[in-house]
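[1] only geometry, no sequence info:
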């Protein structure tokens, strides 16, 4: 069994070479003999500055009272907050991608409108709708639905980007909170 269970957290800025331990959070084991654990904690609160990184691991101590408890650590995991420049580049890249996709959708919509106008002229000239015209009309309707779906996807991407930008702006000014 275990006698102690800790979450160890270090942090540093990109330009620093040394890690500074900022927290050693003791995880309560309770009165269980289970060897399985789930931990949920927000590490984002510790990454307060652009370019800041955290390194964390779990340390477990066995309950060997005769030979004194021995500790072992899990592999390190890392989280890093983007620098201001990296965030700006990421936003610019996303905006350019959205603009390209928007321009592509505009071109596809213009092509579809042109096809619809041609179909209208042909339908006005003929007295009955042929099988081929029905098939073309069905394809236009399907293409129209695909464009609507792509526009909705683009809208969702843009909304997510906006939310990400708002989150980044909000967390930049958030004060550092220490774990105990």
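    Perfect, I can see it now. Everything numeric in this text was worked out from a predicted model, so none of it was measured.

[2] okay, now residue 12: neighbour count?
    Neighbourhood size, residue 12 [other Cβ atoms under 10 Å]: 17. The C-beta positions use only the backbone N, C-alpha and C, and glycine is treated the same way.

[3] so it is in contact with residue 18, correct?
    Yes - between residue 12 and residue 18 there is a contact under Cβ atoms under 8 Å: 6.6 Å.

[4] so what does the helix or strand bottoming out on mean pLDDT in the chain touch, helix or strand wise?
    Among the helical and strand segments of the chain, the one scoring lowest on mean pLDDT, DSSP states H and E is helix 131-172, with a mean of 82. Packing partners of helix 131-172 (3 or more Cβ pairs under 8 Å, 6 or more residues apart in numbering; DSSP states H and E): helix 84-125.

[5] any idea of the mean pLDDT for the helix it packs on?
    Mean pLDDT, helix 84-125: 88.

[6] and the angle for it with helix 131-172?
    160 degrees (axes from the mean of the first three to the mean of the last three Cα atoms, to 10 degrees).

[7] most remote residue from the protein's center?
    The C-alpha centroid of the chain is most remote from residue 127, which lies 55.2 Å away (Cα atoms, centre = their mean).

[8] excluding chain neighbours, what is closest to residue 46?
    In space, and not counting its chain neighbours, residue 46 is closest to residue 54: 5.2 Å by Cβ to Cβ, 6 or more residues apart in numbering.

[9] isn't that neighbour up against residue 10?
    Yes - between residue 54 and residue 10 there is a contact at 6.7 Å, judged by Cβ under 8 Å.

[10] quick check: residue 158 vs residue 164, distance?
    Going from residue 158 to residue 164 by Cβ to Cβ, to the nearest Å gives 11 Å.

[11] the residue nearest to residue 46 bridge partners, please.
    As for beta bridges, residue 54 partners with residue 11, residue 79 under DSSP bridges.

[12] show me the contacts for it.
    By Cβ atoms under 8 Å, 6 or more residues apart in numbering, residue 54 lies in contact with 9, 10, 11, 22, 43, 46, 47, 78, 79, 80.

[13] burial check on the residue lying closest to the last one once chain neighbours are set aside, number of neighbours?
    Leaving aside its sequence neighbours, residue 80 sits nearest to residue 53 (Cβ to Cβ, 6+ apart; 4.4 Å). Other residues near residue 53 number 18, with proximity taken as other Cβ under 10 Å.

[14] my guess is residue 53 contacts residue 46, does it?
    No - with contact defined as Cβ under 8 Å, residue 53 does not count as touching residue 46 (9.9 Å).

[15] which residues do these two both contact?
    Common neighbours of residue 53 and residue 46 are listed as residue 11 (criterion: Cβ under 8 Å, 6+ apart).
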